[in-house]
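**Student:** Build me a structure from this.
(chains A and B)
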2 protein chains.
Amino acid sequence: MKASEPPERVSLGRLGERGLIRRIRATPVAAGDSGVEVGIGDDTAVLAVPPGHRLLVTTDLVIENVHFRRVSAAPSDIGWKALAVNLSDIAAMGGTPRWALVALAVPADTDVEAVDAFFGGMQEAAGPHGVTVVGGDTSASPAGWMVNVTVLGLHPGAPRLRSQARAGDMVAVTGTLGASAAGLFALEMGLDRASEHGVVPGRLAEVTRAHLRPRARVAEGLWLGQASGVHAMMDCSDGLATDLGHICGESGVGARIRLDRVPIAAAAREAARALGQDARQWAVAGGEDYELLLTCSPEAADRLAVGLIEATGTPLSMIGRIDGASGEVIFVDQDDRPVPMRSGYEHFHGTGRDG
Amino acid sequence: MKASEPPERVSLGRLGERGLIRRIRATPVAAGDSGVEVGIGDDTAVLAVPPGHRLLVTTDLVIENVHFRRVSAAPSDIGWKALAVNLSDIAAMGGTPRWALVALAVPADTDVEAVDAFFGGMQEAAGPHGVTVVGGDTSASPAGWMVNVTVLGLHPGAPRLRSQARAGDMVAVTGTLGASAAGLFALEMGLDRASEHGVVPGRLAEVTRAHLRPRARVAEGLWLGQASGVHAMMDCSDGLATDLGHICGESGVGARIRLDRVPIAAAAREAARALGQDARQWAVAGGEDYELLLTCSPEAADRLAVGLIEATGTPLSMIGRIDGASGEVIFVDQDDRPVPMRSGYEHFHGTGRDG
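**Tutor:** A predicted model of the protein is given here:
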C-alpha cells in the first residue's frame, strides 16, 4: 500500500503578492445590496453611503505575541477575532457594520493555507453580519503576524457615545463577563494542565472559545442604540473597571458598582474554582468579553432588560449607578462597603499579553 | 559654568497607552468643516458624508525593515510617508481625502519624542489637504515599528478606475519618475559614499526627499478626475511597468511605451550618472514616485497637458499608447524597437526592500 503523499506546501514567497491578492479577491462577498461599487483591486474601494446615514469608522491592531500567541490561536481564530473586535466597536455605537479593510503582514515563509484559513475565519465572523471585505494591504513581515482591520459602519441617527452618562443613571451590561479572561488563563497555563486541575472539557472549550472567538453584540447594539432611555454605551474590551472608567471620565461622572450583581459566566466561575483563581477579578478586570456596557435612566431599566432579552435572547444586568466624583469607579458589596479591585490592562506598561 | 541637563527621556512604558492617546488627541485637527462629529476618544469615529458623494477608502501598511529603515527614515518621515501613500491612492481615483485612522505599534522603550515626531510628520502631510486624524489604535510591538494608515475620501461623481483604458488611448504620467528609486539607492549605499561618488549635495537632498517624503498628487488627481477624456487612472507606486500592467490587466488591453518619452527626474539622471546606474531603469521599475498614471483619448491629450500645468503647475507627459495583447506592457525606442526592461517590486518574492 502506497502512503498518500502530503499536500504540497506553498509558501507566500512562491505565490507572490499578486497571487495572494487574487486569492483574497476570490473570497465571497456578502450577498444583497452591499453598497460596494468598487471592491478589492483598484487604488481605493468605492462605497455608496445611503442618504441620511452617519459613517462610523474604527480600526484595531492585532499583533503576534502581543495580542495572541500562535501556539494557542489558529490562523482562523486570528482572522475571526481581528474582525470581531472591530464589529464590537460598531455595535457599541448602535451602528450596523458594513465594510472591512484588512491589512496583513506575515513572514514570507508562511504557508498559503494559513493565510487562507485567516481569511476563512474572518469571513466566518463577517458573513452573518453582511460585512464585506472591500480592500486591504499585504506585506512581508520581518517578525510574526501583524493584522490591522478597519471596519466601517452606518448609523441612521444619533450614535451612542461614552460621554452621555448622567448622574442617577443605572449602569448595565449585556451577557456575562469573565469567560475570556478564564480562557486566556487556561491557554497560558496550557489546556492539559488546566484539565489536570479539574476544569471539565466542555467548560474549557467554552472559555477558550470566548477568548479566541468572541462574538460582537451587533444585534444587541442595534436594539439598544434605538431604544429610548439608553444614554452612554461602549464595548467592554479592556475590562469592566477600565471601560466604565472611560465612560465616567468622558461624561464627568463617577460610578458605584455592586460586585454581587456583576454577571459572571458560569464557565468562568467553575474554571476559577478549579484553578484557584478569583472569577470576580476576571469579570471586573480581565477584559475582552466584548459585552456592551451602558448607562440608562432608572425608569427605563426594566423595560430595556425585558425588551433586550425578548429581541435578542441576551440578558441585560443592572450592576450599579452613576454616582460620585468624576472619573471614579468604586466597587461595593451588598452592604455598600467598598471592595478594592484591580483594574484592566494598558499597553506599554509591563509586558505584552495575549489579548 | 553648569552644563545644561539633557531633557528627561520619557518612554512609552512610562507614559502608558492612555497618556499616549491623550497626546494624540491634543494634536490639532484641520480647520473648517471637517465633517467630524466624533473624533478620537470613542469606540468609533462618527463622520458626516455629504449627500451625493461616494466614499473612497484605502489602507496601507508601513513596516520597519520592510518599507523603511530607522537608520535613514526619521520618525517624522515615517509619519509623513505613511499618510502620503494613502493620499496618493485617493488622488488616483480623482477624490478628495478627508479623514485618516492611524494604527501605530512601537516597542515599549520608544521615546515619546519619537512618537510625537511621527504624528508631527503625519500632520505636516495631512494639514495642507485638510485631512483630519479621526481615530486609530496603539499597541506595543515585539519588533520594530509597524504603522497602518487608513484614509477615507469623497468623490462627487464617478471615480477613475484602473479598468477604464480603451484601445487607442494615449498613456500619460504626471511629473517625473526615478527620483524615489535614486533616493533609495543613495540611502542604501550611504549618503557619504554617494557624495564621494560625486552626487552633489543639492541633488542628493532632492532624491532622498523624494523617497522619504513623497508628495501625493492630490490637486492633480482632482483636476484630472473631473476633466473629460481621462479614462483609466492610478498612482504609480510599484513602478511604471508594474502599475501600467495593472491598468492593462484590469482593462483587458496592452500598452506600448516610448522609453525616450518617459519623463525622468533630472536629479535621478545626475545621480545615476555619478553612481554608474541606469536612470531609465529607476524610472520604469523603481516605484514610489507617487505620480499619476492615466490613459486618455488622443484628442484630449494636448488639452489635458496644457490644462493640468496651468491649473497645478505639474506637467503631463504622453509616453505611449494602449495597443496590443491584453496585459502586455512593451517598452520601445524611438524606432519602435522593443527594449527589455525589468519590472517592479513584489512583496514576498526575495528580501524586503526599503519602500
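
**Student:** Which residues does the lowest-mean-pLDDT helix or strand in chain A contact?
**Tutor:** Lowest on mean pLDDT, DSSP states H and E among the helices and strands of chain A sits helix A:12-25, with a mean of 74. Residues outside helix A:12-25 that contact it (Cβ atoms under 8 Å, 6 or more residues apart in numbering or on different chains) are A:39-41, A:102, A:106, A:108-112, A:115-116, A:119, A:133, A:136, A:138, A:140, B:346-349. To be clear about C-beta, it is placed using only N, CA and C from the backbone, and glycine gets the same treatment.

**Student:** mind listing the helices for chain A?
**Tutor:** For chain A, the helices defined by DSSP state H cover A:12-25, A:75-92, A:112-126, A:179-189, A:191-196, A:201-212, A:218-226, A:240-251, A:266-275, A:279-281, A:301-312.

**Student:** Export the ones you listed as a markdown table, with columns for mean neighbour count.
**Tutor:** Below are the helices of chain A laid out as a markdown table (neighbours: other Cβ atoms under 10 Å in any protein chain shown):
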| stretch | mean neighbour count |
| --- | --- |
| helix A:12-25 | 17 |
| helix A:75-92 | 27 |
| helix A:112-126 | 20 |
| helix A:179-189 | 25 |
| helix A:191-196 | 14 |
| helix A:201-212 | 20 |
| helix A:218-226 | 22 |
| helix A:240-251 | 23 |
| helix A:266-275 | 21 |
| helix A:279-281 | 20 |
| helix A:301-312 | 16 |
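
**Student:** By mean pLDDT, show me the worst of these.
**Tutor:** Ranked by mean pLDDT, the helices of chain A end with helix A:12-25 at the bottom, a mean of 74.

**Student:** Looks like A:T295 contacts A:A167 (just checking).
**Tutor:** No - A:T295 sits out of contact with A:A167 when judged by Cβ atoms under 8 Å, with a separation of 10.0 Å.

**Student:** Can you tell me how far A:D235 is from A:I309?
**Tutor:** From A:D235 across to A:I309, the span is 19 Å (Cβ to Cβ, to the nearest Å).

**Student:** Restricted to strands, list the contacts of helix A:12-25.
**Tutor:** Those of these mapping onto strands are A:102, A:106, A:133, A:136, A:138, A:140, per DSSP state E.

**Student:** Please report the number of neighbouring residues for the first one.
**Tutor:** Other residues lying near A:V102 total 25 when counted by other Cβ atoms under 10 Å in any protein chain shown.

**Student:** give the contact list for it.
**Tutor:** Contact analysis of A:V102 by Cβ under 8 Å, 6+ apart lists A:24, A:82-83, A:119, A:122, A:133, A:135-136, A:147-149.

**Student:** Name the nearest of the residues you listed relative to chain B.
**Tutor:** A:N148 (3.7 Å; Cβ to the nearest Cβ).

**Student:** okay but A:A305 is in contact with A:P315, surely?
**Tutor:** Yes - with contact defined as Cβ under 8 Å, A:A305 counts as touching A:P315 (7.2 Å).

**Student:** So for those two, which residues contact both of them?
**Tutor:** Residues touching both A:A305 and A:P315 (Cβ under 8 Å, 6+ apart): there are none.

**Student:** Check the gap between the closest residue to A:R269 other than its chain neighbours and chain B for me.
**Tutor:** Of all residues not flanking A:R269 in the chain, A:A279 sits nearest, at 4.7 Å (Cβ to Cβ, 6 or more residues apart in numbering or on different chains). For A:A279, the distance to chain B equals 26 Å [Cβ to the nearest Cβ, to the nearest Å].

**Student:** Quick one: residues contacting A:A279.
**Tutor:** Going by Cβ under 8 Å, 6+ apart, the list of residues near A:A279 reads A:178, A:182, A:264, A:268-269, A:271-273.

**Student:** same thing but at 10 Å, please
**Tutor:** Contacts for A:A279 (Cβ atoms under 10 Å, 6 or more residues apart in numbering or on different chains) come out as A:177-179, A:181-182, A:262, A:264-273, A:286.

**Student:** repeat for A:I247
**Tutor:** A:161-165, A:169, A:171, A:231-234, A:253, A:255, A:293-295, A:322, A:327, A:329.
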